[in-house]
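Asker: Quick one, fold the following:
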Amino acid sequence: MSSPPLFAADVMLGRTARWLRMLGFDTFYDNRAGDDALKKLCLEENRVLLTKDVALHKAMPAGGSRLVEAVYPRQQLEEIISVFHLEQFTLPPRCSLCNGELAAIEKELIRDLVPPYVFRTQSSFQRCQSCQKIYWQGTHLGKISKFFENIRKVSG
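Answerer: Predicted coordinates:
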């Protein structure tokens, strides 16, 4: 199997970038990054630019970007999964905020960093290695898993 693609998303694809990160895809996103910075980053790091900006798409080398046609984040994600055949990859999630890698952390180490109820009811925690955000399997996990399962069915 080939390596998963690396992405960068322009300012119009912020929510979609977060979903890609939750699926484990390394996706740069900064709503302050200008076109020139995005082009430079993509060329230096061999990233595919995901954009809604026709002029920016045309300014990229062939194959260096994808003009995302879908309007809504869910459909954008479906389009990207389909075009890049992302359903073939099963990756650990990345931090949805900063794109950092997540690593397991001992429960006792985060006692004062999460709400008491969460500490009492959860046994497994992960911490972003970049921004230090703590993650756990909350009640929303089932909804997110179902969402991704449906996306993979549509795209697969």
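Asker: C-alpha only now, for contacts and for neighbours.
Answerer: Noted.
Asker: helix, strand or coil for A103?
Answerer: Under the three-state scheme (DSSP: H, G, I helix; E, B strand; the rest coil), A103 adopts strand.
Asker: ok, it - contacts?
Answerer: Residues near A103 by Cα atoms under 8 Å, 6 or more residues apart in numbering: 126-129.
Asker: Just give me the closest of those residues to L13.
Answerer: Nearest to L13 among the contacts of A103: C128, at 22.0 Å, using Cα to Cα.
Asker: still on that earlier bit, and the contacts of A103 as CSV, adding neighbour count?
Answerer: Formatted as CSV, the contacts of A103 follow (neighbours: other Cα atoms under 10 Å):
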residue, neighbour count
Q126, 20
R127, 21
C128, 21
Q129, 17
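Asker: Next, check the residues you listed against the strands and list the overlap.
Answerer: Secondary structure defined by DSSP state E assigns 126-128 of the contacts of A103 to strands.
Asker: how far does stretch 21-38 stretch from start to finish?
Answerer: 18 Å (Cα to Cα, to the nearest Å).
Asker: Quick check: buried residues in it?
Answerer: Neighbour-count burial for stretch 21-38, with 16 or more other Cα atoms under 10 Å as criterion, is recorded at 21-30, 35, 38.
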